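Participant: Could you look at this predicted model? Sequence included:
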Amino acid sequence: MPPAAILDIDGTLVDTNFHHAIAWYRAFRQHGELLPIWRIHRHIGMGGDQLVASLCGEEVEKAKGDDIRAAEGPLYMAFIEEVEPLHGARDLIADLKERGHAVVLASSAKENEVDHYLDLLDARELADDWTTSADVEATKPEPDLVQAAVEKAGQSEAVMVGDSTWDCEAAKRAGVQTVAVLTGGFSEAELEDAGAVAVYRSIDELRESLDETPLCRTS
């Protein structure tokens, strides 16, 4: 049996990373914390429960963390109708299913966001399962999300497909290899340093190269 395919959603299947960066920038700014957007972007993929402290320190987290997170949600939702699937995203899911993989879509977003992405990808009848914030206690880079997705796949062997250093780190902590794509705005060197075993420029390039990855038929 081939390994389960754990596909990150944000930044990997749907083009959301820069929308999230702007939403976080506005949420921080509303609460008196002015950060350069490039710094915020380097943290996209990390869960909101950890992002505020990582960017601003524990003092800001204690004083304003919950308020900043509460502000970010509606700010991001104002963008969500602009979000589009990345080219080849649904085809990748279909390819993996045809090759015999169990496919679980992995996200720690709230259920309404994940529902929106499932509709965008027309993936409800295609993927085997998916995760939401309800499935995790701690978000990336903690391994909870990857572990929850592997459990939903019903297999011990799995491969993560992601776009951020946080995907790679979470998968590594869960004992899962990561194949990465550049669609989230992280560099090849950053992704490899974080643990990616292979990095592709796009989903389409990954689709053409599946037999060169841990997702090959004989894994």
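Facilitator: Happy to help now that I have it.
Participant: what's the spacing between S54 and C168?
Facilitator: To C168, S54 is 16 Å away according to C-beta to C-beta, to the nearest Å. In this view, the C-beta of every residue, glycine as well, is placed from N, C-alpha and C.
Participant: Which parts of the protein are helices?
Facilitator: For the chain, applying DSSP state H gives helices covering 17-30, 37-41, 48-56, 58-77, 89-98, 111-121, 144-153, 165-173, 188-193, 203-208.
Participant: one step back: who has more neighbours out of S54 and C168?
Facilitator: C168 (30 against 15; other C-beta atoms under 10 Å).
Participant: doesn't A180 make contact with that one?
Facilitator: Yes: the pair C168 / A180 is scored as a contact, 6.4 Å apart, by C-beta atoms under 8 Å.
Participant: show me the contacts for K64.
Facilitator: Contacts for K64 (C-beta atoms under 8 Å, 6 or more residues apart in numbering) come out as H31, G32, E33, V52.
Participant: let's go with 7 Å and repeat that
Facilitator: H31 (C-beta atoms under 7 Å, 6 or more residues apart in numbering).
Participant: now do G195
Facilitator: Residues in contact with G195, defined by C-beta under 7 Å, 6+ apart, are C168, E169, K172, T178.
Participant: Could you find the closest non-adjacent residue to W166?
Facilitator: Leaving out its chain neighbours, the residue that sits closest to W166 by C-beta to C-beta, 6 or more residues apart in numbering is G45, at 3.7 Å.
Participant: ok, the one you found - how many residues close by?
Facilitator: 28.
Participant: how about it, phi and psi?
Facilitator: phi 110, psi -30 (degrees, to the nearest 10).
Participant: okay but it is in contact with D167, surely?
Facilitator: Yes: in terms of C-beta atoms under 7 Å, G45 counts as a neighbour of D167; the distance is 5.9 Å.
Participant: So for these two, which residues contact both of them?
Facilitator: Jointly contacting G45 and D167 under the rule C-beta under 7 Å, 6+ apart are K140.
Participant: residue contacts, E82?
Facilitator: H19.
Participant: and the residue nearest to W166, how far is that from R99?
Facilitator: In this view, G45 and R99 are 26 Å apart by C-beta to C-beta.
Participant: And for Q147?
Facilitator: Applying C-beta to C-beta to Q147 and R99 gives a distance of 24 Å.
Participant: Kindly report the same for V83.
Facilitator: From V83 over to R99 (counting by C-beta to C-beta), the distance is 28 Å.
Participant: One more: P85?
Facilitator: Using C-beta to C-beta, P85 is found at 20 Å from R99.
Participant: where are the low-confidence patches of this protein?
Facilitator: 217-219 (pLDDT under 70).
Participant: let's see 50
Facilitator: 219 (pLDDT under 50).
Participant: Now do I68: how many residues are near it, please.
Facilitator: Neighbours of I68 under the rule other C-beta under 10 Å: 24.
Participant: For it, give me its contacts.
Facilitator: I68 makes contacts with A27, F28, H31, V52, as judged by C-beta under 7 Å, 6+ apart.
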